[in-house]
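> task: produce atomic coordinates for the following.
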Amino acid sequence: MFASFLARAALAVAVVAAGLSGPALAGPPAGAGARTAPARATVMVGAKILSVLRVRAVGQPERLAVSAADIERGFGDVVNARLQVFSNQRGAVRLVASIAWPYARTVEITGLPQAIVARPLGEAPLARGGEGPPDRGYEVRYRIHLARGTAPGLYPWPVFLSLDAA
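Residues are numbered from 1 along each chain as shown. Down below sits the predicted model:
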């Protein structure tokens, strides 16, 4: 992505430079008798790299099946879920979890550098091992504590995840 941006910027500079060295700046035709200074141009190029913060959930259901046993225990577990995190931030980033449905009272997410407990909002910094962006995957487990009065059934996934610059 960054390399293609640099290639496009270099092409733009070459086009501008070619246009500046054309006949309009070359001076009068040879033999016109007037002496002119050679044409010169300065082109300044700058680039701003936009921030990218992305989290993708893999292996978590779109819906949560709540059983009578889950209600009796007061929670349901979702295991074998995976989060893919990408950021081009030089600084730390944090994962923010929010509860999107009222049947979930709190949600615990483990398997991260620091566990998150959302009630209804929770966050945790993602540890960085050395320089470079935290572009990696995490094997996570969700424990969804159910609100009183929740009946057995199929419910929409209760957790919304986002990344934020820390």
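
> okay, CA-based contacts and neighbour counts for the rest of this
Noted.

> pLDDT of the top strand by length along the chain, averaged?
Criterion DSSP state E: the longest strand present in the chain is strand 75-87. Strand 75-87 comes out with an average pLDDT of 92.

> partners of it in the sheet?
strand 53-58 (antiparallel), strand 136-146 (antiparallel) (DSSP bridges).

> now do the strands in this protein.
Under DSSP E, the chain gives strands at 53-58, 63-66, 75-87, 93-99, 104-110, 116-118, 121-126, 136-146, 153-156, 159-165.

> now the phi/psi pair for residue 37, please.
Main-chain dihedrals, residue 37, degrees, to the nearest 10: phi -70, psi 150.

> residues near it, how many?
7 (other CA atoms under 10 Å).

> between the strands paired with strand 75-87, which gets nearest to residue 47?
Ranking the strands paired with strand 75-87 by proximity to residue 47 (CA to CA) places strand 53-58 first, at 18.9 Å.

> list the buried residues for stretch 154-166?
Using 16 or more other CA atoms under 10 Å as the test for burial, stretch 154-166 gives 157, 158, 159, 161, 163.

> picking up where we left off before, looking at the strands of the chain, which is closest to residue 40?
Among the strands of the chain, strand 75-87 comes nearest to residue 40, with 41.4 Å by CA to CA.

> extract the C-alpha trace of that closest one and format it as PDB.
What follows is strand 75-87, C-alpha atoms only, in PDB (Å, rounded to 0.1, in the frame of the first residue of the first chain):
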ATOM      1  CA  PHE A  75     -23.400 -17.000  31.700                       C
ATOM      2  CA  GLY A  76     -22.500 -18.500  28.300                       C
ATOM      3  CA  ASP A  77     -19.000 -19.200  27.000                       C
ATOM      4  CA  VAL A  78     -17.800 -18.800  23.500                       C
ATOM      5  CA  VAL A  79     -14.400 -20.400  22.900                       C
ATOM      6  CA  ASN A  80     -12.100 -20.800  19.900                       C
ATOM      7  CA  ALA A  81     -12.700 -17.300  18.600                       C
ATOM      8  CA  ARG A  82      -9.900 -15.300  17.100                       C
ATOM      9  CA  LEU A  83      -9.300 -11.500  16.700                       C
ATOM     10  CA  GLN A  84      -7.100 -10.200  13.900                       C
ATOM     11  CA  VAL A  85      -5.700  -6.800  14.800                       C
ATOM     12  CA  PHE A  86      -3.900  -4.400  12.400                       C
ATOM     13  CA  SER A  87      -2.700  -0.900  13.000                       C
END
